[in-house]
Structures are given as structure tokens and as C-alpha cells.
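Colleague: with the sequence up front, the predicted model follows.
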Amino acid sequence: MHPEWDMMYAAGLTAREIADRCHQNVATIHAHFQSRERYEPGTRATHETALAAGGVDRPTAQWRTNLNEVQEFQKTHRRLPHHHGDDTERPLHLWVLKQRKAYRNNSMSIPKIVLLEDLTEWSIASAGAR
């Protein structure tokens with residue numbers, strides 16, 4: 001049983017997004033939800049409704065690339081990028097600022113919020129009250 005996977009799926013995250021967030025193989029996630037649908041019919045319908053409600057603010061491939069670059073930066077430097085950094089760090093800092101602004105403006109999708117929670121210094125307090 002993976003109740004956290006079920007909650008993310010019900011919130012509209014895709015199997016790929018859940019696999020990335022939980023560091024699992026996407027095939028394992030798919031198998032879990034196929035089994036879940038057999039035992040709890042309607043699980044997929046709930047997911048599809050939430051997915052459709054997510055609108056156009058889904059995490060794109062470029063968005064994921066940016067997130068991965070920020071995560072790698074954070075692993076190396078043990079902090080989020082700063083505005084006074086080098087030519088590699090400043091664009092990452094601007095990307096983080098853009099995410100925080102979207103969060104504060106209530107224009108960020110739940111899948112993006114969930115994926116950003118992996119950043120150590122990313123929190124509701126540092127992003128502003130929602």
C-alpha cells in the first residue's frame with residue numbers, strides 16, 4: 001500500500017511525476033494504479049478529473065529540466081541559487097523567484113507545488129503565504 005501515491009494521483013499528478021517525486025520506477029507506479037483500479041473502481045476517473053482541472057500549468061519538460069538543475073545546484077552547494085552568483089547560478093535564482101511568484105499569486109498547479117517541495121529551502125514560509 002502506498003497512500004501517498006494514491007493522494008498524489010487523486011490530486012492529478014501523473015505516474016511519471018509520482019515516480020520522479022518518490023524516486024521509483026514509473027512501471028511500478030503504473031502497476032500500483034492498475035491494481036488500485038481493480039480494487040477501487042473510479043480511482044482513474046478521480047485522477048483524470050483532477051488532471052483535467054490542472055489546466056495548462058502542468059510541469060513541462062523544460063520546467064522539469066529547470067527543477068533538476070536547481071536540485072543539482074542545491075545538492076552541490078547546500079542552498080538555493082542566489083542573485084549574486086555566477087552566470088550559471090543567476091538564471092536558476094530567477095527561475096526559483098518566478099516559481100515563488102506563481103505560488104504567491106495562486107497560479108501554480110498542485111503537481112508543480114508537490115515537485116517543488118523536494119527543494120530543501122522551498123517552503124510555504126519562504127514562498128510567502130498562499
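Modeller: Yes, it's here.
Colleague: which helix or strand in the protein has the lowest average pLDDT?
Modeller: helix 124-127 (a mean of 52; mean pLDDT, DSSP states H and E).
Colleague: any idea how far Ala15 is from the one residue sitting closest to the centre of the chain?
Modeller: Geometric centre of the chain, nearest residue: Leu115, 1.9 Å, by C-alpha atoms, centre = their mean. Distance, Leu115 to Ala15, using C-beta to C-beta, to the nearest Å: 14 Å. The C-beta positions use only the backbone N, C-alpha and C, and glycine is treated the same way.
Colleague: just Lys112 next, same as before
Modeller: 17 Å.
Colleague: for those two, indicate the residue with more neighbours.
Modeller: Taking neighbours as other C-beta atoms under 10 Å, Lys112 and Ala15 compare with Lys112 leading, 23 against 20.
Colleague: mind listing what the more buried one touches?
Modeller: The contact partners of Lys112, taken as C-beta atoms under 8 Å, 6 or more residues apart in numbering, are Asp57, Pro59, Trp63, Gln99, Ala102.
Colleague: got the buried residues for the helix or strand containing Lys101?
Modeller: Here Lys101 sits within helix 89-104, counting by DSSP states H and E. Judged by neighbour count (16 or more other C-beta atoms under 10 Å), helix 89-104 contains these buried residues: Glu89, Leu92, His93, Trp95, Val96, Gln99, Arg100, Ala102, Tyr103.
Colleague: much appreciated, bye for now.
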